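> Need a 3D model of the sequence below.
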Amino acid sequence: MSSPAVVIRGLWQSSHPGPTCVVTALALALGVAAGLELWRMLLLAAAVFAGQLSIGISNDAIDAARDRAVGRTDKPLARGDVRIRTAWIAAVGCAIVALVLSAPLGVGMLVAHAVAVISGWAYNAPLKATAFSVVPFLVTFGLFPSLATLSAAEPRFAAPWAFVAGAALGAAVHLSNVLPDLDDDRATGIRGLPHRIGGPASAVAAAAGVIAGALAVLLGPVGGRVGDVSGLSWVFFVAVSVVAVLSAVVGGRGAPRPRAETHGGGGARQLPAPQVATGGALAA
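Numbers count the residues shown, from 1 in each chain. Sure thing, here's the model as predicted:
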């Protein structure tokens, strides 16, 4: 029987801590862009963090048997460091915490975050092995900017361009995240969209998604008027696009990446930066 320290460490590793922290940081950045009060911003980040823990741990709980079959010794649940029952209790508990933390921010935020978490779980179980595997990422990341605007004292959905940017980012995250695991996934019967179109095409599509999202962030806040785009925003756009293209080249060549900590969509983490730096409005 594993010690409490081993169990806690195993659950943390099973939560996909890198992506979980990145998404939480994105929530904070969007909270800044939305002009949230400090307490609202911190509560938003805590709720998103708990939701991401739930999605990540449930993913590894569902995949534990497959991970053991392909020798994923980097996975604590596959190694037996944490019992599957314990992981499920943690995943459900984190989901409940996420919703409880969302409730003080308003009904809109609560419902939107519930949809996002349910969408994440839907990918983990029924949709991962289908051609529709990208759909939960489109839904969850498309809603993501609205989690910030719905957390405001006067809640509103985010502007349409923010939904487009988030959805494009979500597609890029999905298409690039699975690249290191394509062979293992195929061996255990997983045939999501990236597996069906292949690694090189997935890498190119992921880069296109990042650039499309960056373009939405660039032009959306100024109503599509290119002349009104600030110089700083152009710098961010070019930087994100270059990183996305380089990532596509590396991913398309099948270059190895660390398996335990893979992040999706090269350049994707920088997408909110122009919005925060220039103070553009997220709300519709």
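
> For burial, what's the neighbour tally of Cys73?
To be clear, residue 73 is Thr; Cys isn't right here. 11 (other Cβ atoms under 10 Å). All C-beta atoms are positioned from the backbone trio N, CA, C, and that covers glycine.

> meant to ask about Ala78, not that
21.

> Quick one: residues in contact with stretch 49-64.
11, 14-17, 19-20, 23-24, 27, 67, 75-78, 84, 87-88, 90-95, 97-98, 101, 113, 116-117, 120-121, 123-125 (Cβ atoms under 8 Å, 6 or more residues apart in numbering).

> In strands only, show me the residues you listed.
If you go by DSSP state E, the contacts of stretch 49-64 have nothing in strands.

> In ChimeraX, how would I select just the buried ones from those?
The buried residues among the contacts of stretch 49-64 can be selected in ChimeraX (16 or more other Cβ atoms under 10 Å) with this line:
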select :11,14,15,16,19,20,23,24,27,67,75,76,77,78,87,90,91,94,95,97,98,101,113,116,117,120,121,123,124
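
> who's in contact with the residue lying closest to Thr188 once chain neighbours are set aside?
In space, Thr188 comes closest to Arg66 once its chain neighbours are excluded; the distance is 4.2 Å by Cβ to Cβ, 6 or more residues apart in numbering. Taking Cβ under 8 Å, 6+ apart as the criterion, Arg66 is in contact with 184, 188, 190.

> Any idea how many residues pack against the closest residue to the last one other than its chain neighbours?
Of all residues beyond its chain neighbours, the one nearest Ile190 is Ala129 (4.8 Å), with distances taken as Cβ to Cβ, 6+ apart. The burial count assigned to Ala129 is 15, neighbours taken as other Cβ under 10 Å.

> Same check on the one 4 residues further on?
Here the number of neighbours of Ser133 (other Cβ under 10 Å) works out to 22.

> Then Asp184?
Asp184, neighbours per other Cβ under 10 Å, totals 17.

> So which of the contacts of Arg66 is the closest to Ala45?
Ile190 (31.6 Å; Cβ to Cβ).

> In which helix or strand does the closest one reside?
Counting by DSSP states H and E, there is no helix or strand that carries Ile190.

> Quick one: residues contacting it.
Contacts here follow Cβ under 8 Å, 6+ apart; on that basis Ile190 touches 66, 128-129.
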